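Participant: Predicted coordinates and the sequence they were generated for:
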Amino acid sequence: MYTNKQIWSVSFPILLSLLAQNIINVTDTAFLGRVSEVALGASAMGGLFYICIFTVAFGFSTGSQIMIARRNGEKQYAEVGPVMIQGVMFLMVMAVLLFTFTRLFGGNIMRLLVSSETIYDATMEFIHWRVFGFFFAFLNVMFRAFYIGTTRTKVLTINAIVMALTNVVLDYILIFGKFGFPEMGIKGAAIASVIAEASSIIFFFIYTYITVDFKKYGLNRFRSFKPKLLMRILNISCFTMLQYFLSMATWFAFFAAVERLGQRELAIANIVRSIYIVMMISVSSLSTAANSLVSNAIGSNDIQHVIPLIKKIARLSFFIMLALVVIISIFPKTILSIYTNEAALIAESVTAVYVVGIAMLIASVANILFSGISGTGNTRSALMIETMTLCFYMMYVFIVGVWLRAPVDICFTTEILYYSLLLVASYIYFKKAKWQNKRI
């Protein structure tokens, strides 16, 4: 049975890495918030478009991570490397295909979703440069899967700091045109993010070469393409790939609905989204740890400890989030002032921040339970739960955002609905379903 100290030793480096990575999001939003509302809104639309496609790779890496963790728990260390190598080969092909798809059809997709011509033009300028990040980000997630699956998570913190510092410096230089560089605005933010992802990969290559025992993990020789192994990985990953894509696609649809309310509403939504993502860091890190530790526990034949482990992580997640919600509820305007110095924009965003705070308390438990389902290897069940929940989510988005054209704070109540349904469905699954003996 994992102790709180062991859970935290895995989770804390992931938390720090996510914190450093989210400095990128906060910096982009804060800098562009001082450029214009159009830049702020367009970066939200362009960023979400990028993330929707990126989640395909992230979903694959999560499935790979589950398999790596299972082999690590079984002490079949030499079987870890082949999973990573096949994953890298697959995702590099995916990067080429999705880059080409975006260049050919990205403009047509955004035409359907964005009503403002000004925001459309700025969004496409962002996407044009941002998609070069696929080639680095897709490789990045496989390194992440390797280190989380083998519970060597401390490196993620260092890597994320390297990436965040690179991004912050380049954001300042390229967005505002410092040190002799031209003022690029939203294009500068996109280029800075791509270079930051490239710096992350360079770091991972160097660190892995210096510290990892290639022979132990089966990384000591390059293996040819093995369709059978790839299909075993995809048997788990295909469900997480679709699950993450659907989740982000509906989030993108939420912002498309808000965009039709106006530029000001979209700017508010992007600021609140950035706060939302920062608040989710602790939940995301503990969810990732839950996923990996559950798979390791099952691989070690400690099935009886899975439910107590999930409860322990969920309890820790809730109390951390409760502290964050209290802080953000007391100082909402102070936190909002990080993103913009416009008093009216700050005042109009406060209520939405309170709504998101309520949603985060529910999310702090719901996400842990849901990640536990994926950790057991039952990714098909996780996809089914996510799909059913998102159907209700999309209906609610249509009602409040499109039909009623409700204010932004009311639109954000969709998150309360989503996490409440996810919590109930995940709880029922662990109570009723047969998840104990899933082989991967």
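Facilitator: Right, received. Where do you want to start?
Participant: switch to C-alpha atoms for all contacts and neighbour counts from now on
Facilitator: Noted.
Participant: list the helices and strands the helix or strand hosting residue 106 packs on?
Facilitator: Element membership of residue 106 [criterion: DSSP states H and E] is helix 80-113. For helix 80-113, the elements it packs on are helix 37-73, helix 117-130, helix 134-149, helix 227-259, judged by 3 or more C-alpha pairs under 8 Å, 6 or more residues apart in numbering; DSSP states H and E.
Participant: Mind doing that once more with 6 Å?
Facilitator: Counting contacts by 3 or more C-alpha pairs under 6 Å, 6 or more residues apart in numbering; DSSP states H and E, helix 80-113 packs against helix 134-149.
Participant: Residues contacting the helix it packs on, please?
Facilitator: Outside helix 134-149, the residues within contact range by C-alpha atoms under 6 Å, 6 or more residues apart in numbering are 57, 61, 65, 68-69, 91, 95, 153, 197-198, 201, 292.
Participant: which one of these sits closest to residue 313?
Facilitator: Within these, distances to residue 313 taken as C-alpha to C-alpha reach their minimum at residue 292, with 12.2 Å.
Participant: Mind jotting down where the helices sit in the stretch 151-300 of the chain?
Facilitator: Taking DSSP state H, counting those that start in this stretch as the criterion, the stretch 151-300 of the chain carries its helices at 154-176, 186-211, 227-259, 263-279, 281-299.
Participant: and among the ones you listed, the most buried is which?
Facilitator: helix 281-299 (a mean of 27; mean count of other C-alpha atoms under 10 Å).
Participant: what does the helix or strand that that one is followed by contact?
Facilitator: If you walk from helix 281-299 toward the C-terminus, the next helix or strand you reach (DSSP H and E) is helix 306-330. Residues external to helix 306-330 that are found in contact with it (C-alpha under 6 Å, 6+ apart): 283, 294, 357, 364-365, 368.
Participant: What are the buried residues along the helix or strand following helix 306-330?
Facilitator: Using DSSP H and E, the next helix or strand after helix 306-330 towards the C-terminus is helix 332-336. By neighbour count, and taking 16 or more other C-alpha atoms under 10 Å as the criterion, the buried residues in helix 332-336 are 332-333, 335-336.
Participant: For the helix holding residue 106, could you pull out the residues that count as buried?
Facilitator: 80-88, 90-92, 94-95, 98-99, 102, 106-107, 110, 113.
Participant: So what does the most far-flung residue of the chain relative to its centre look like in phi/psi?
Facilitator: What lies farthest from the middle of the chain is residue 180; by C-alpha atoms, centre = their mean that is 34.4 Å. Dihedral pair for residue 180: phi 90, psi 0, per degrees, to the nearest 10.
Participant: Ok, residue 77 next?
Facilitator: When quoted as degrees, to the nearest 10, the phi and psi of residue 77 stand at phi -60, psi -30.
Participant: Distance check, it against residue 47.
Facilitator: Computed with C-alpha to C-alpha, to the nearest Å, the distance linking residue 77 and residue 47 is 37 Å.
Participant: can you check residue 346 too?
Facilitator: Using C-alpha to C-alpha, one gets 22 Å for the distance from residue 346 to residue 47.
Participant: now, the most widely separated pair of the contacts of helix 306-330?
Facilitator: 294 and 357 (27.9 Å).
Participant: What's the local residue count around residue 301?
Facilitator: The burial metric for residue 301, expressed as a neighbour count using other C-alpha atoms under 10 Å, is 14.
Participant: Now do the contacts for it.
Facilitator: In this structure, residue 301 makes contact with no residue, judged by C-alpha under 6 Å, 6+ apart.
Participant: Model confidence at it, what's the number?
Facilitator: The predicted structure scores residue 301 at 76 on the pLDDT scale.
Participant: Could you check how far it is from residue 74?
Facilitator: In this structure, residue 301 and residue 74 are separated by 9 Å, where distance is defined by C-alpha to C-alpha.
Participant: Repeat that for residue 58.
Facilitator: Separation of residue 58 from residue 74 (C-alpha to C-alpha): 24 Å.
Participant: So those two - more neighbours on which side?
Facilitator: Using other C-alpha under 10 Å as the criterion, residue 58 and residue 74 rank with residue 58 on top: 26 against 16.
Participant: Count the neighbours of the residue lying closest to that one once chain neighbours are set aside for me.
Facilitator: Closest residue in space to residue 58, ignoring its immediate chain neighbours: residue 141 at 6.2 Å, by C-alpha to C-alpha, 6 or more residues apart in numbering. Burial measure for residue 141: 24 neighbouring residues, criterion other C-alpha under 10 Å.
Participant: how much space between residue 141 and residue 183?
Facilitator: Distance, residue 141 to residue 183, using C-alpha to C-alpha: 31 Å.
Participant: So for residue 22, what pLDDT did the model give?
Facilitator: On pLDDT, residue 22 comes in at 67.
Participant: looking only at pLDDT, what's the mean for stretch 34-54?
Facilitator: 83.
Participant: again, but for stretch 136-149
Facilitator: Averaged across stretch 136-149, the pLDDT comes to 92.
Participant: any weak-confidence spans in the protein?
Facilitator: Applying pLDDT under 70 to the chain flags the ranges 1-2, 16-23, 25, 221-224, 435-440.
Participant: could you say which helix or strand contains residue 14?
Facilitator: Take DSSP H and E as the rule and residue 14 turns out to sit in helix 4-32.
Participant: hang on, the earlier thing: is it possible to get CSV of the helices of the stretch 151-300 of the chain that adds distance to residue 410?
Facilitator: Converted to CSV, the helices of the stretch 151-300 of the chain look like this (distance: least, C-alpha to C-alpha, whole Å):
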stretch, distance to residue 410
helix 154-176, 33
helix 186-211, 29
helix 227-259, 11
helix 263-279, 11
helix 281-299, 23
